[in-house]
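1. everything below, folded, please.
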Amino acid sequence: MFLGTHTPRLDDKGRLFLPAKFREKLAGGLVMTRGQERCLYVFPMDEFVRITERFQEAPTSSKAARDYMRVFLSGASDEIPDKQGRVTVPATLRQYAGLDRDCTVIGAGSRVEVWDSTAWAGYLDSTEQAFSDQTEEVIPGLM
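-> Numbers count the residues shown, from 1 in each chain. Below is the predicted model:
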């Protein structure tokens, strides 16, 4: 499980140092793709395979399913971290997420998310109060 918030930087070649605590789980390969809210999702290869197998169960007659799969899969890039724990973030994904130098990398359970640090701060500002004020269960039976 991926947890926590980290603030690595992209180097001049568009490489990102993965947080040390995430490296072992991602060492065998990962897939990076477009995420929601203009961040990037990073999955261990086995988790990405599990997700894409579930996509195969979606009806091709569903326009929403087709649209989601197209955007999600067309942006996907498989990567293997180097010995120093760096991965190259493809230019198209850097542009999508607005990544320049300062990044925020968060653990989001089964995936890692990569955010532009300014975008992440804005996201937190806009959602933390709603999180604090939540009076109903978002996921029934969880808490």
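2. can you tell me the closest non-neighbouring residue to the most centrally placed residue in the chain?
-> Most central in the chain under Cα atoms, centre = their mean is Tyr41, positioned 1.7 Å from the mean C-alpha point. Using Cβ to Cβ, 6 or more residues apart in numbering and skipping residues adjacent in sequence, the residue nearest Tyr41 is Gly35, 3.9 Å away. All C-beta spots, glycine's among them, are computed from the backbone N, C-alpha and C.
3. which residues does that neighbour contact?
-> 41, 97, 113 (Cβ atoms under 8 Å, 6 or more residues apart in numbering).
4. just put those residues in TSV and tack on secondary structure.
-> Putting the contacts of Gly35 into TSV (DSSP: H, G, I helix; E, B strand; the rest coil) gives the following:
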residue	secondary structure
Tyr41	strand
Ala97	helix
Glu113	strand
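5. let me have those residues in TSV, extended by pLDDT and distance to Arg86.
-> As requested, the contacts of Gly35 are arranged in TSV below (pLDDT from 0 to 100; distance: Cβ to Cβ, whole Å):
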residue	pLDDT	distance to Arg86
Tyr41	98	18
Ala97	98	17
Glu113	98	18
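6. now Val49: which helix or strand?
-> Val49 belongs to helix 45-55 when assigned by DSSP states H and E.
7. now that helix - C-alpha only, CSV.
-> This file holds the C-alpha atoms of helix 45-55, laid out as CSV (Å, rounded to 0.1, in the frame of the first residue of the first chain):
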residue,chain,number,x,y,z
MET,A,45,2.7,-3.4,-13.3
ASP,A,46,0.6,-6.1,-11.6
GLU,A,47,-2.0,-3.7,-10.4
PHE,A,48,-2.2,-2.1,-13.9
VAL,A,49,-2.7,-5.5,-15.4
ARG,A,50,-5.5,-6.2,-12.9
ILE,A,51,-7.2,-2.9,-13.8
THR,A,52,-7.0,-3.4,-17.6
GLU,A,53,-8.5,-6.9,-17.2
ARG,A,54,-11.4,-5.3,-15.5
PHE,A,55,-11.7,-2.8,-18.4
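8. moving C-terminal from that helix, which element do we reach first?
-> Next along the chain after helix 45-55, with elements defined by DSSP H and E, is helix 63-74.
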